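Trainee: quick one, fold the following:
(one chain, ligands or ions: 1)
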Amino acid sequence: MSGLKVNFNKSMLVGVNIPDFWLGEAASALCCRVGKIPFLYLGLSIGGDPRHLSFWDPLLARLKNRLSSWKNRFLSFGGRLVLLKSVLTSLPVYALSFFKSPSRKWCWRMLVDRDGLWYRVLAARYGVERGRLGAGGTRGYSWWRAIVSIRDGGGEVGGGWFRGHISKKVGDGVDTCFWTDPWVEGTPLCERFGRLFDLAENKSVSVAEMFLLGWGAGGEALLWRRPLRAWEEEMLGECQTLLLDISLQAHFSDSWSWQSDPVHGYTVCGAYQLLTEQDMAPLDVAAGLIWHTQVPLKVSILAWRLLRDRLPTKANLISRGILPVEDHFCAFGCGAVESAQNVFLSCSSSGSLWSLISSWIGSSLVTAQTLSDDFVQFTISAGGTRVRRSFMQLIWLACVWVVWTERNHRLFRGSADSSLHMLDKIKTFSYRWLKATRSSLALNCHSWWSCLMLCLDFV
Ligand SMILES: [Zn+2]
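Mentor: Have a look, this model is predicted:
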C-alpha cells in the first residue's frame, strides 16, 4: 500500500448510468458529496465536450487570472519573457495533453490507406460511397464525426485548410464524385460552378457515369431541373471547355494526392511546415533567429527590441516627445539622425566595423536595406551547414550587443572605443559564449582571434 488515504470529505462520487437514489445512498455511506458531470479536476473540466467553446472557458479564465496577478506592466523584459514562456504556454499544453483534437493525419489515412484495419472497420460500420467512407449521420461516434467534418471542410477553419490541399487523380473515374471531389485542377466543380451544381438533377453521380453518358455539347450527362438561362449556358460552356481534354484511364483506379507533396502524401511534419511557412515575412524569419541557446538572454532581448524598432534611439525618443528635436545627433558622430537603421547599418562611423568583421570572417558581406534582412543575409552568408549558420547568427547578435553598449558608453560615460576595439570585444564575447556551453570546443583563443572560418572547420 502507498500509505495514502482517500479523504472522503474532499471527494465526490460521480455516477455514470446509475440511478440517483442508489448514488445518494452510496455517497452518504462514504461521507462524500454527489458530483455531476462535467466537473473541474486540476483546473480542467472533466466529462465536458472539448469541441464546444464553453468547454475552454475555465482555461481562458485561468490565463487571464495569471496575467493580472503577475502585474505584467511592471515586469522587466526578461521577466515578461519568462512569464510568457513558462506559465502561459504551459497551461494550454497541459490542457491539450488531456483533450486531443482530431487529427488531420487520420483524415488522410482514411482517404488513402484502403487496406488498413481502421479503414475496413469504418467501412463496415458506415459504408463506402463513391470511394469515401460514409459520415454515419448522428449515429456516428463523435470522434469519427469530427474527422468527417475536417475531410469535408464543414464548420471549423482548419477543415477548409485540409480540404484545400488535397486533390483527386482520376483513373477510371468510378470512385470520384463528379461534382464534389476536387478532381479538376484541384477544385470541386460544385465550388467552381455553384449555380450549375444547384440546378443539377443528380448531385452524387460519379465521373465514370458522367463520362459514359457524355459531358460534351451533345451528351446526355448533364441534366437540369429547369432550362438554363443565357448566363447559365455560358457557365456550362466554360465547364465543358475544362472537361474537353479529360479522358479516363480504364486500368487505373482513382487516388487521392496531397498537393504540396504528391510523392510522400500527407505527413504531420509536412503539414506543420506548410502551416508555418505561409505568408512568412522577412521579419518573421529574422525573429526566429533572435533566440540562440548559446547567447545570453539579455542579448536576444536587445535584438528583439531592435528588430521591432523599440530601442530608445534618439529618433524614437524624439517621436515620443522625450527628447527635444534638435538633440538628434548620432552618438558615433557621423552627423546623421540617430535611428536604429543609422546606428547599426548606415552610420559612416560605426559602419566601418562591418568591413572589419567581414575580413575576420573571410567573406564579403552584402549590406541589406533593413535590419531584419541584414540579419537573415548575414546568417546565411557563410552558407553550408546548420552549425555554420548557428555560428553566424551568434556573431551577428554579438555585433549588435557591442554596437549598442558602445553607443551607450559614448552617450552616458563619455568614453569612446575605436572600431578595432569593438571588433576585439565581439571576438571576446562570441568566444566566451561558445566556450561556456561547449567545453569540448576544439579551438583555442588564438586561432579564434585570427580567423573565424578556419575555426569553424575544426568544429
Ligand atoms: Zn552615425
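Trainee: who does the longest helix seen in the chain touch, helix- and strand-wise?
Mentor: Criterion DSSP state H: the longest helix present in the chain is helix 386-408. Judged by 3 or more CB pairs under 8 Å, 6 or more residues apart in numbering; DSSP states H and E, helix 386-408 is in contact with helix 282-290, helix 297-307, helix 352-361, helix 371-381, helix 419-437, helix 452-456. Quick note: C-beta positions are derived from backbone N, CA and C, even for glycine.
Trainee: the ion contacts on the stretch 151-300 of the chain?
Mentor: Contacts of the stretch 151-300 of the chain with the ion, taken as CB under 5 Å from the ion, are absent.
Trainee: quick check: angle from the longest helix of the chain to helix 419-437?
Mentor: Calculated by axes from the mean of the first three to the mean of the last three CA atoms, to 10 degrees, helix 386-408 forms an angle of 130 degrees with helix 419-437.
Trainee: outside of helix 386-408 itself, list whatever touches it.
Mentor: Helix 386-408 is contacted by residues 289-290, 292, 294-295, 299-300, 302-303, 306, 311, 331-332, 343-344, 350, 353, 357, 361, 375, 378-382, 417, 422, 425-426, 429-430, 433-434, 452, 456, 459 when judged by CB atoms under 8 Å, 6 or more residues apart in numbering.
Trainee: does the ion have contacts with that helix?
Mentor: No - between helix 386-408 and the ion, judged by CB under 5 Å from the ion, nothing touches; the nearest distance is 9.0 Å.
Trainee: quick revisit: and among the helices and strands packed on helix 386-408, the most buried is which?
Mentor: helix 371-381 (a mean of 20; mean count of other CB atoms under 10 Å).
Trainee: any idea of the angle it forms with helix 386-408?
Mentor: Using the same axes, to 10 degrees: helix 371-381 against helix 386-408 is 140 degrees.
Trainee: let's see helix 371-381 as CSV, backbone CA atoms only.
Mentor: Extracted in CSV, the C-alpha atoms of helix 371-381 (Å, rounded to 0.1, in the frame of the first residue of the first chain):
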residue,chain,number,x,y,z
LEU,A,371,18.0,45.3,-40.2
SER,A,372,16.0,42.1,-40.4
ASP,A,373,17.2,41.4,-44.0
ASP,A,374,20.7,42.1,-42.8
PHE,A,375,20.4,39.6,-40.0
VAL,A,376,19.0,36.9,-42.4
GLN,A,377,21.6,37.5,-45.0
PHE,A,378,24.4,37.6,-42.6
THR,A,379,23.3,34.3,-41.1
ILE,A,380,23.1,32.5,-44.4
SER,A,381,26.1,34.2,-46.0
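Trainee: in the stretch of helix or strand Tyr119 belongs to, which residues are buried?
Mentor: For Tyr119, the host element (DSSP states H and E) is helix 117-126. For helix 117-126, the neighbour count (16 or more other CB atoms under 10 Å) marks 119, 122, 126 as buried.
Trainee: on that earlier part again, mean pLDDT and distance to Phe211 for the helices and strands packed on helix 386-408 - can I get that in a markdown table?
Mentor: Formatted as a markdown table, the helices and strands packed on helix 386-408 follow (pLDDT from 0 to 100; distance: least, CB to CB, whole Å):
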| stretch | mean pLDDT | distance to Phe211 |
| --- | --- | --- |
| helix 282-290 | 71 | 46 |
| helix 297-307 | 89 | 56 |
| helix 352-361 | 84 | 63 |
| helix 371-381 | 84 | 51 |
| helix 419-437 | 87 | 65 |
| helix 452-456 | 60 | 61 |
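Trainee: compare those and give me the one nearest Trp231.
Mentor: helix 282-290 (43.9 Å; CB to CB).
Trainee: tell me the SS of Ser253?
Mentor: coil (DSSP: H, G, I helix; E, B strand; the rest coil).
Trainee: number of nearby residues for the closest residue to Ser430 other than its chain neighbours?
Mentor: Take Ser430 and drop its neighbours on the chain: the residue closest to it by CB to CB, 6 or more residues apart in numbering is Ala398, 4.6 Å away. Ala398 has 22 neighbouring residues, counting by other CB atoms under 10 Å.
Trainee: what of the one 3 residues further on?
Mentor: Other residues near Trp401 number 22, with proximity taken as other CB under 10 Å.
Trainee: ok, it to the ion distance?
Mentor: According to CB to the ion, to the nearest Å, Trp401 and the ion sit 18 Å apart.
Trainee: with Leu199 instead?
Mentor: Look at Leu199 and the ion: by CB to the ion, they are 70 Å apart.
Trainee: how far away is that residue from Gly237?
Mentor: Distance from Leu199 to Gly237, counting by CB to CB, to the nearest Å: 15 Å.
Trainee: more neighbours: which of the two?
Mentor: Shown here are Leu199 and Gly237; by other CB under 10 Å, Leu199 has more neighbours (19 against 11).
Trainee: so the more buried one touches Leu223, yeah?
Mentor: No - with contact defined as CB atoms under 8 Å, Leu199 and Leu223 do not form a contacting pair (9.4 Å).
Trainee: okay, buried residues for stretch 177-196 please.
Mentor: Buried residues in stretch 177-196 (16+ other CB under 10 Å): 177-184, 188-190, 192-193, 196.
Trainee: for Ser300, what are its contacts?
Mentor: 290-292, 397.
Trainee: spatially, which two of those residues are the most separated?
Mentor: Most distant of the contacts of Ser300, by CB to CB, are Trp291 and Leu397, 9.7 Å apart.
Trainee: who's more crowded, those two?
Mentor: Leu397 (27 against 16).
Trainee: check contacts around the residue nearest to Phe197 when sequence neighbours are not counted.
Mentor: In this structure, Phe197 finds its nearest non-sequential neighbour in Cys190, 3.9 Å apart by CB to CB, 6+ apart. Counting by CB under 8 Å, 6+ apart, Cys190 touches 179-180, 197, 203.
Trainee: quick one: the helices in the stretch 151-300 of the chain?
Mentor: Secondary structure of the stretch 151-300 of the chain (DSSP state H, counting those that start in this stretch): helices located at 157-163, 189-192, 194-199, 207-213, 230-243, 268-277, 282-290, 297-307.
Trainee: export the second one as PDB, just CAs?
Mentor: Looking back up the chat, that one is helix 189-192. Extracted in PDB, the C-alpha atoms of helix 189-192 (Å, rounded to 0.1, in the frame of the first residue of the first chain):
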ATOM      1  CA  LEU A 189     -16.800  21.600 -59.700                       C
ATOM      2  CA  CYS A 190     -19.600  22.300 -57.200                       C
ATOM      3  CA  GLU A 191     -17.500  25.200 -55.800                       C
ATOM      4  CA  ARG A 192     -16.400  26.500 -59.200                       C
END
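Trainee: now it: mean pLDDT?
Mentor: Per-residue pLDDT over helix 189-192 has a mean of 85.
Trainee: cool, and stretch 148-155?
Mentor: 63.
Trainee: try stretch 336-350
Mentor: For stretch 336-350, the per-residue pLDDT averages 87.
Trainee: flag every buried residue along it.
Mentor: Counting neighbours by 16+ other CB under 10 Å, the buried set in stretch 336-350 is 336, 338-345, 347, 349-350.
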